[in-house]
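**Q** I'd like to go over a predicted model; first the sequence, then the structure.
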Amino acid sequence: MDLFTHIVFSYLLSFVIWGPSRPEYIAAGALAGGLPDADALLFPLARRFPILSHHGITHSLLGVTIIAGAGSFLLPFLPYFPHANPLLYFLAMEIGGLAHVFLDGFTHFAVTPLLPVSWRQLRLDADVAINVVMLGITSVTLIVLASERGTVPFNVWIETAWILTAVYGAYLLLRWIARWRANLVARSMGFSHALPTTNPWRWTLAEREDLPDRYRIRFRHLTLGRPTVSAERSMEVAKVSPTAEGPVHTAQEALERSYPAAMEKNHWLAMRYHFGEATERNGTFDVIWFMIEGSPFGRTMGVRVLIDGSTGKMTVRSAFPRMPRG
């Protein structure tokens, strides 16, 4: 989820728990709801210490608890935070931080809540990480709460907060029910996963085999409520091309020659469900590797590789290709 949604969701959750009479704990929960994403500042160290990468230790039970413990003693020294019970400050920040971990695990980007004991992932695949629908709800929530603060009777502001909390709850419930239904359809059609898109009714059914030497994937699109699905697309490549140098003669050779370079170029792409297409024009192979999971604007993360068929020389760059529709 995006940072603003994390903060607003933790704010509303804290409002439900503490009530409007304890604004200091509501604010503490909202602050803690955003703090795990401070790991973005650790990016220069992440390659050397993977535990510090995004969705690493700060998105774990231990990381959240350490942040809450430190915050419970530091908050009274910050502006607008009165001296109050440190244990309740800790509890408020712990809940806010755990809400952040839950929301990230609710999406298609995994978190590792048991670090450093285990790298086991939590990923419910019920929503995409950055969803324009959720961003819209968050934007409306911020505008409404800010505009009403101090301008309407307090009881009206409280009712508004409850209504907005119900909207968030209904959205999460809708995504969860859609995920459950999509998984049922996926299993009935022989696919292991149903991957979300921005539209809660549209899913990508996928099956992949990711071995040290080979990568195989097949997928098709599903719209809940419709009797048909799109045509299946499939691909299998050797991760290390049998001919690493010299001319490229076929699209399959182009896919296998470009695979290692594309995965090295974009590590996010390598970790997710990805697919490749190669076309030949005037002796040059144009290879697009892309993430098959949905994006809000019809495009997705990918890598484009141009290969000179006569020499095998490759040009690799990042790309955002349009998702195939079906």
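**A** Noted; the coordinates are in hand. As the structure is a prediction and not an experimental result, all values here were calculated from the model.
**Q** residues touching Ala40, list them.
**A** By Cβ atoms under 8 Å, 6 or more residues apart in numbering, the residues touching Ala40 are His54. In this view, the C-beta of every residue, glycine as well, is placed from N, C-alpha and C.
**Q** And the helices in the stretch 101-250 of the chain, which stretches?
**A** With helices called from DSSP state H, counting those that start in this stretch, the stretch 101-250 of the chain shows them at 132-148, 154-188.
**Q** Mind checking the ones you listed for the one nearest to Asn266?
**A** helix 132-148 (22.3 Å; Cβ to Cβ).
**Q** need the least confident one among the helices of the stretch 101-250 of the chain, by mean pLDDT.
**A** Among those, helix 132-148 carries the lowest mean pLDDT, at a mean of 92.
**Q** returning to what we had before: out of the helices of the stretch 101-250 of the chain, flag the one nearest Ser14.
**A** Among those, helix 154-188 sits nearest to Ser14 (Cβ to Cβ), with 10.4 Å.
**Q** Return the set of buried residues in that closest one.
**A** In terms of neighbour count (16 or more other Cβ atoms under 10 Å), helix 154-188 has its buried residues at 157, 160-161, 164-165, 168, 171-172, 175, 178-179, 181-183, 186.
**Q** Tell me which other helices or strands it touches.
**A** helix 3-18, helix 132-148, strand 193-196, strand 202-210, strand 214-223 (3 or more Cβ pairs under 8 Å, 6 or more residues apart in numbering; DSSP states H and E).
**Q** can we see that at 6 Å?
**A** In this structure, helix 154-188 packs against helix 3-18, helix 132-148, strand 193-196, with contacts taken as 3 or more Cβ pairs under 6 Å, 6 or more residues apart in numbering; DSSP states H and E.
**Q** can you give me the offset of the shortest one from its chain's centre?
**A** Same thing as strand 193-196. Distance of strand 193-196 from the chain centroid (Cα atoms, centre = their mean, to the nearest Å) equals 13 Å.
**Q** Now do that strand: everything it contacts.
**A** Contacts of strand 193-196 with the rest of the structure, by Cβ atoms under 6 Å, 6 or more residues apart in numbering, involve 108, 125, 127-128, 182-183, 186, 203-206, 293.
**Q** Going by neighbour count, which of these comes out on top?
**A** Neighbour counts for the contacts of strand 193-196, by other Cβ atoms under 10 Å, peak at Trp203, which reaches 29 neighbours.
**Q** pretty sure it is touching Ala182, no?
**A** Yes. Counting by Cβ atoms under 6 Å, Trp203 touches Ala182, with 4.2 Å between them.
**Q** circling back to that earlier point, mind putting the contacts of strand 193-196 into TSV with distance to Tyr273?
**A** Rendered in TSV, the data for the contacts of strand 193-196 read as follows (distance: Cβ to Cβ, whole Å):
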residue	distance to Tyr273
His108	9
Asp125	10
Asp127	16
Val128	13
Ala182	15
Asn183	15
Ala186	13
Trp203	12
Thr204	8
Leu205	11
Ala206	5
Glu293	6
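**Q** related to what we said a few turns ago, will you turn the helices and strands packed on helix 154-188 into JSON lines that also has mean neighbour count and distance to Leu222?
**A** Shown next, in JSON lines, are the helices and strands packed on helix 154-188 (neighbours: other Cβ atoms under 10 Å; distance: least, Cβ to Cβ, whole Å):
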{"stretch": "helix 3-18", "mean neighbour count": "22", "distance to Leu222": "26"}
{"stretch": "helix 132-148", "mean neighbour count": "15", "distance to Leu222": "19"}
{"stretch": "strand 193-196", "mean neighbour count": "23", "distance to Leu222": "7"}
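**Q** What is the burial count for the nearest residue in space to Arg218 that is not next to it in sequence?
**A** Of all residues not flanking Arg218 in the chain, Ser234 sits nearest, at 3.8 Å (Cβ to Cβ, 6 or more residues apart in numbering). Ser234: 11 surrounding residues under other Cβ under 10 Å.
**Q** same deal with Val305?
**A** The burial count assigned to Val305 is 24, neighbours taken as other Cβ under 10 Å.
**Q** roughly how far apart are it and Asn266?
**A** According to Cβ to Cβ, to the nearest Å, Val305 stands 11 Å off from Asn266.
**Q** ranges for the strands of the stretch 1-150 of the chain?
**A** With DSSP state E, counting those that start in this stretch, there are no strands along the stretch 1-150 of the chain.
**Q** partner strands of the helix or strand that contains Ala278, parallel or antiparallel?
**A** Element membership of Ala278, judged by DSSP states H and E, is strand 274-281. Partners of strand 274-281 in the sheet, by DSSP bridges, are strand 284-291 (antiparallel).
**Q** Of all the residues in the helix or strand following the partner strand, which ones are buried?
**A** If you walk from strand 284-291 toward the C-terminus, the next helix or strand you reach (DSSP H and E) is strand 302-308. By neighbour count with 16+ other Cβ under 10 Å, strand 302-308 contains the buried residues 302-307.
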